[in-house]
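Peer 1: okay, predicted coordinates and the sequence, questions at the end:
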Amino acid sequence: MPGEVKASLRTEHRPPLEPYDADIIILSYNRPTETADAIRSALAQRGLTFHVTVLDQGSDPEAVRSLTQGFAKSFNFSLYTLPENLGVAAGRNLATSLGHGQIIIALDNDAVFASEWVAANALRAFRYKPDLGALGFAILAADGVQPDASSWGYPARLLPRFKDRFDTTTFVGAGHAIRRVTWSVAGGYDPSFFFTWEEYDFCLRAIALGWRISYDGTLGVIHKVSPGARMGWDAARMTYFVRNRLLISRKWGASWLSLTPRMLGYLIKAQCNGCFIAALSGIRAARQTETPPPRKMPPAMRHYLALNETRQRGSWLERLRAEVLGRIRTAP
């Protein structure tokens with residue numbers, strides 16, 4: 001859980017002791033220019049009280065120095081550093097633990113808010129909907145108008161509705177908000193995931209507790225999709241993608257036998273995309289990972305998943321075409 005690893009504070013200010021609305025958290029790793037843009041976008045938010053926390057995970061000293069000097073005078077900004085990269089899941093856990101705002105807004109360090117009112121409007125959504133646990137934002141391409149197709153983490157048939165609002169079962173990490181109470185009771189991210197599927201894993205636990213997950217296409221972030229510090233699908237990203245998705249199924253009681261079609265599908269898909277060995281490594285890693293005793297899905301959770309995920313993904317044939325024959329998208 002959050003707080004087990006201590007980060008070094010490099011700037012003067014910490015989150016305030018008094019209550020405030022939101023923590024805006026950004027993970028940083030060797031993208032000083034893009035990260036500075038993300039920070040400026042966060043600091044420009046209006047209509048709420050907030051604190052911006054940046055957690056750097058092992059960037060070069062010059063990159064850290066640049067961020068420290070550039071934002072040292074910002075009173076509602078903190079820069080913390082770690083000597084190594086803990087991964088997205090553990091990094092967000094730690095960054096979240098450093099504040100106490102009512103909601104947690106996460107922004108990728110190669111993204112900016114589409115307007116100055118995104119955070120305030122997200123806060124308003126949580127206040128109007130007491131059962132709302134997490135809210136995914138629209139991830140827009142560099143033009144700020146079209147959706148970033150590489151960051152669409154929902155059923156493909158919903159893509160034409162990228163400007164709408166709908167209930168769902170996950171969110172895309174590049175831009176989202178979580179109610180802190182939901183974060184606490186659901187237990188944050190699984191730090192062993194390191195990268196990919198940590199949002200879906202968290203959302204399933206939140207849904208099991210009765211929280212609703214929604215997407216709001218009126219709240220946007222512009223995703224620059226920086227090539228720096230990015231893992232390719234032929235390396236660790238594909239391995240974690242396969243490993244973590246299999247582990248999620250195992251957490252909810254799926255047997256290895258029942259997962260055989262999914263594993264075969266991943267291998268075929270990986271072969272088509274030139275990363276068969278990485279997918280095989282993901283399967284092997286999942287088989288070697290000890291998982292906690294499986295949980296049983298409550299009836300209300302099964303109904304929610306059937307309504308907001310299974311139905312939206314279409315027939316078995318449609319899912320086979322999308323999951324096996326489709327190209328692996330470049331994830332954020």
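Peer 2: Nice, I can see it. Numbering: from 1, shown residues only.
Peer 1: ok, for G188, nearest residue in space, not its chain neighbours?
Peer 2: N93 (4.8 Å; Cβ to Cβ, 6 or more residues apart in numbering). (Each C-beta comes from the backbone N, C-alpha and C, glycine too.)
Peer 1: I'd assumed P191 was in contact with the one you found.
Peer 2: Yes. Assessed by Cβ atoms under 8 Å, N93 is found in contact with P191 at 6.0 Å.
Peer 1: ok, the two, which is more surrounded?
Peer 2: For N93 versus P191, neighbours defined as other Cβ atoms under 10 Å are more numerous around N93 (24 against 20).
Peer 1: sticking with that one, tell me its helix or strand.
Peer 2: Per DSSP states H and E, N93 falls inside helix 88-97.
Peer 1: put the alpha carbons of that helix into PDB.
Peer 2: This file holds the C-alpha atoms of helix 88-97, laid out as PDB (Å, rounded to 0.1, in the frame of the first residue of the first chain):
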ATOM      1  CA  VAL A  88       3.000   3.400 -12.800                       C
ATOM      2  CA  ALA A  89       1.000   1.500 -10.200                       C
ATOM      3  CA  ALA A  90       3.300   1.800  -7.200                       C
ATOM      4  CA  GLY A  91       4.300   5.400  -8.300                       C
ATOM      5  CA  ARG A  92       0.700   6.600  -8.300                       C
ATOM      6  CA  ASN A  93       0.100   4.800  -5.000                       C
ATOM      7  CA  LEU A  94       3.000   6.800  -3.500                       C
ATOM      8  CA  ALA A  95       2.100  10.100  -5.100                       C
ATOM      9  CA  THR A  96      -1.500   9.700  -3.900                       C
ATOM     10  CA  SER A  97      -0.400   9.000  -0.300                       C
END
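Peer 1: can you list the buried residues in it?
Peer 2: 88-97 (16 or more other Cβ atoms under 10 Å).
Peer 1: now the strands for this structure?
Peer 2: Using DSSP state E, the strands of the chain run over residues 8-9, 22-28, 50-57, 77-82, 103-107, 111-113, 132-140, 165-168, 175-179, 212-223.
Peer 1: mind showing which ranges of the protein have poor pLDDT?
Peer 2: Across the chain, residues meeting the criterion (pLDDT under 70) sit at 1-4, 225-235, 315-332.
Peer 1: domain map for it?
Peer 2: 8-223, 236-325 (automatic domain parsing).
Peer 1: residues in contact with T170?
Peer 2: T170 makes contacts with 136, 153-154, 199-200, 203, 213, as judged by Cβ atoms under 8 Å, 6 or more residues apart in numbering.
Peer 1: the nearest residue to it once chain neighbours are set aside: how many residues sit nearby?
Peer 2: Computed as Cβ to Cβ, 6+ apart, the closest residue to T170 that is not its neighbour in sequence is Y200, at 4.3 Å. By other Cβ under 10 Å, the residues close to Y200 number 18.
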